[in-house]
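In: I would like to see how this sequence folds:
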Amino acid sequence: MAFHTQRRVEFRHTDAAGIAHFSAFLAYAEEAEHEFLRSLGLSVLMRDEQGALSWPRVSVRADFQGAVRFEDELDIAVSVARLGAKSVTYQFQFTHGDRPVATAETTAVCCRLSTTGPPQSIAIPAWAAEKLQPHVTDDARD
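Out: Numbering: from 1, shown residues only. Here you go, the predicted structure:
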């Protein structure tokens, strides 16, 4: 089950040719991820009884199929391509109308934040995994 949201290409996201700059898609993907997590009652920065949790990115990739320009509206479909013990891989499909524009994938690791040291990867808490599980794509299930 994919989550859908929209973003309009802003002038500041375009290059000298008037086409949405590739880097804008990473911002759109992150915004869509945050919106998706909020829809599940989650966030990229949460607290539980043991302290703060966050999801730093460890991998990002994108492929482009077509251009979009200022004022074009993108539909962004977000799904979970993989839900591991400590990490989650999100998949993003960008379309404009019926036309594919780009695909992207980000992998984030669940980490415990500390005021005395670097973030430490931890197992995704069961309560968070339960909320993400229904969004795992069929082709990612065992």
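
In: So which residue of this protein lies furthest out from the middle?
Out: residue 116 (28.2 Å; CA atoms, centre = their mean).

In: Quick check: nearest residue in space to the spatially most central residue of the chain, chain neighbours excluded?
Out: For the chain, the residue nearest the mean C-alpha position is residue 33 (3.5 Å; CA atoms, centre = their mean). Once flanking residues are discounted, residue 33 sits nearest to residue 90: 5.6 Å by CB to CB, 6 or more residues apart in numbering. For glycine as for every other residue, the C-beta is placed from the backbone atoms N, C-alpha and C.

In: residues in contact with the one you found?
Out: 29, 33, 36, 78-81, 105-108 (CB atoms under 8 Å, 6 or more residues apart in numbering).

In: before we move on, back to that, that's a helix at the residue farthest from the centre of the chain, yeah?
Out: No. Applying DSSP: H, G, I helix; E, B strand; the rest coil, one finds residue 116 to be coil, outside a helix.
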